[in-house]
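>>> Structural data only, the sequence is not supplied:
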Ligand code: HEM
């Protein structure tokens, strides 16, 4: 304790909450909505501050410029990933590329995934986003009360279609993503916060035993999908617009025409495609569910977007081809992701070696978190940041306004790209997010009116707690109620007809 006290006095340090011996600040670290605490501390200690949880040091950043200096310009230092206590050997790989350290397996998977998504984007994901959207609208028409369920399934189906040509795996894909996120979150197993518990021997360690089983099942599932796709490839039945096809074609080009691979090669590739499949589900369904909520709570914006859609699309469902003509729709979606960040803590980066910043020594292993929730509320960038204000993307005079409106706002470039992380670890899904969220937002508003449900007893709208979420690393709102009504009988007919037209092309 004396050594610790002495060291505190002698070294320059970033400001931060008072640290206690051994514990740091573990005692008041909330397991739920941690980002609110980090924002609260940012308001007290400033845009860069220091804290500790047991033996792990954190630097929390809530200023874009500082985050860029550390995580982009010094990306060669701050691009590792910290150990998540309740996951097993994730830093080494090959299971989750987003959680690996920066080594050859990560590099190979990242390079491949980047090229695969970029190629699919050139073809706007081969129309799968729109086809699945027609199914979604049809289901919503028939049973609107299940809108939350259907929304996640829609995202899962798009990913599983792109990965293996098996949209029927969409629901399982969403569940698998959700369980994985639970295990990696502070709000998940207690071993993520009280880390020493993880070292109990296996027979007395239910968290470890659970994780071994969970990870094995997930990897087996990915591997079996991979092998099924390989069999179809050999028979010439795997569609060319899947990521699996792209991978097998490359293996063939390398001289392995009959696709005979070692188990290690298969595990590597099945995890690479499997993880890409998984990461695109909840990341998108969270923002989509928040979008529906925001539209229900802001009828004025809902009406503006619908007027725009009706003018451009009339009696047909909007598609990605209408992108340039629907800036209000894009602004409402962009504002949703700012207002209720999908990844409110950001994803932690870890210092790969010792460094010094603004005169303060930063030790190897320190975790640097650019807190997205706080970044999205910096008053000079986002005035009135706690409120849903899509006009900040549409009207000159707001700091985030950008022209031309045929192009901005979007999720691929321009303002507020910090939502997708930093430097060498930047998100690989931005193109897909841009297409999928746009088509979803435009198509739902084209077909339906959204409003809070009214309580049959009181006649009052049932309140929606907009901050109630699952509290994972990646957020989805807690279940809430919404009244979803088709806009008119004609539109209802168009929705059903639209679904009927694509039914034969979908795996159901
Ligand atoms: C609105 C939706 C999404 C948001 C807000 C988001 C945000 C993020 C963030 C913050 C990171 C961490 C970046 C960092 O460490 O600095 C990340 C990583 C990643 N994202 Fe996304 N993401 C979204 C959707 C997607 C989708 C749809 C895909 C897949 C197609 C995807 C694929 C990835 C991958 C593979 C990584 C790991 C990158 C690496 O560590 O090398 N994301 N994303």
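Sure, I can see it. What you see is a predicted model, and the numbers here were worked out from it, not measured in a lab.
>>> Contact residues of the stretch 51-200 of the chain facing the ligand?
97-98, 110, 113, 117 (Cβ under 6 Å from any ligand atom). All C-beta spots, glycine's among them, are computed from the backbone N, C-alpha and C.
>>> CSV for these, including pLDDT, neighbour count and secondary structure?
What follows is these, written out as CSV (pLDDT from 0 to 100; neighbours: other Cβ atoms under 10 Å; DSSP: H, G, I helix; E, B strand; the rest coil):
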residue, pLDDT, neighbour count, secondary structure
97, 97, 23, helix
98, 97, 21, helix
110, 98, 19, helix
113, 98, 20, helix
117, 98, 19, helix
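>>> OK, contacts around whatever residue of the stretch 1-150 of the chain ends up closest to the ligand?
As assessed by Cβ to the nearest ligand atom, the ligand sits closest to residue 98 within the stretch 1-150 of the chain, at 3.4 Å. Contacts for residue 98 were tallied using Cβ atoms under 8 Å, 6 or more residues apart in numbering; they are 81, 275, 279, 347, 425.
>>> what's the farthest-apart pair in the residues of the stretch 51-200 of the chain next to the ligand?
Spatially, the most separated pair among these is 98 and 117, at 13.6 Å (Cβ to Cβ).
>>> Return the distance of the residue of the stretch 1-150 of the chain closest to the ligand relative to residue 91.
Distance, residue 98 to residue 91, by Cβ to Cβ, to the nearest Å: 11 Å.
>>> Locate the closest residue to residue 171 other than its chain neighbours within the secondary structure: which element?
Counting by Cβ to Cβ, 6 or more residues apart in numbering, residue 153 is the residue found nearest to residue 171 once chain neighbours are left out, at 5.1 Å. In this structure, residue 153 sits in helix 147-164 according to DSSP states H and E.
>>> likewise residue 345?
Using DSSP H and E, residue 345 maps to neither a helix nor a strand.
>>> For the closest residue to it other than its chain neighbours, give me the backbone phi and psi.
Excluding the flanking residues, the one nearest residue 345 by Cβ to Cβ, 6+ apart is residue 35, at 5.1 Å. Torsion angles at residue 35 (phi, psi; degrees, to the nearest 10) stand at phi -60, psi -30.
>>> Isn't residue 35 up against residue 369?
No - contact criterion Cβ atoms under 8 Å: residue 35 and residue 369 do not qualify, at 9.5 Å.
>>> Overlap in contacts, these two.
Taking Cβ under 8 Å, 6+ apart as the contact rule, residue 35 and residue 369 both touch residue 345.
>>> So for the helix or strand residue 450 falls within, mean pLDDT?
Using DSSP H and E, residue 450 sits within strand 448-452. Averaged across strand 448-452, pLDDT comes to 98.
>>> partners of it, with directions?
strand 482-486 (antiparallel) (DSSP bridges).
>>> for the longest helix seen in the chain, which positions count as buried?
Longest helix in the chain, counting residues (DSSP state H): helix 263-297. Buried residues in helix 263-297, counted by 16 or more other Cβ atoms under 10 Å: 266-297.
>>> do the same with stretch 59-70
Buried residues in stretch 59-70 (16+ other Cβ under 10 Å): 59-64, 66-70.
>>> Surely the residue nearest to residue 171 is in contact with residue 172?
No - using Cβ under 8 Å, residue 153 makes no contact with residue 172, being 9.9 Å away.
>>> On the pLDDT front, check residue 11 for me.
pLDDT for residue 11: 80.
>>> how many neighbours does it have?
By other Cβ atoms under 10 Å, the residues close to residue 11 number 9.
>>> if I look at the residue nearest to it when sequence neighbours are not counted, how far off is the ligand?
Nearest non-adjacent residue to residue 11, counting by Cβ to Cβ, 6+ apart: residue 361, 6.7 Å away. Distance from residue 361 to the ligand, counting by Cβ to the nearest ligand atom, to the nearest Å: 23 Å.
>>> Would you report the backbone torsion angles of residue 367?
Main-chain torsions, residue 367, degrees, to the nearest 10: phi -90, psi 130.
>>> In contact with residue 410, which residues?
Residue 410 touches 330, 334, 434, counting by Cβ under 8 Å, 6+ apart.
>>> Kindly recompute the last result at 7 Å.
Contact analysis of residue 410 by Cβ atoms under 7 Å, 6 or more residues apart in numbering lists 330, 434.
>>> Relative to the ligand, how far out is it?
With distances taken as Cβ to the nearest ligand atom, residue 410 is found 12 Å from the ligand.
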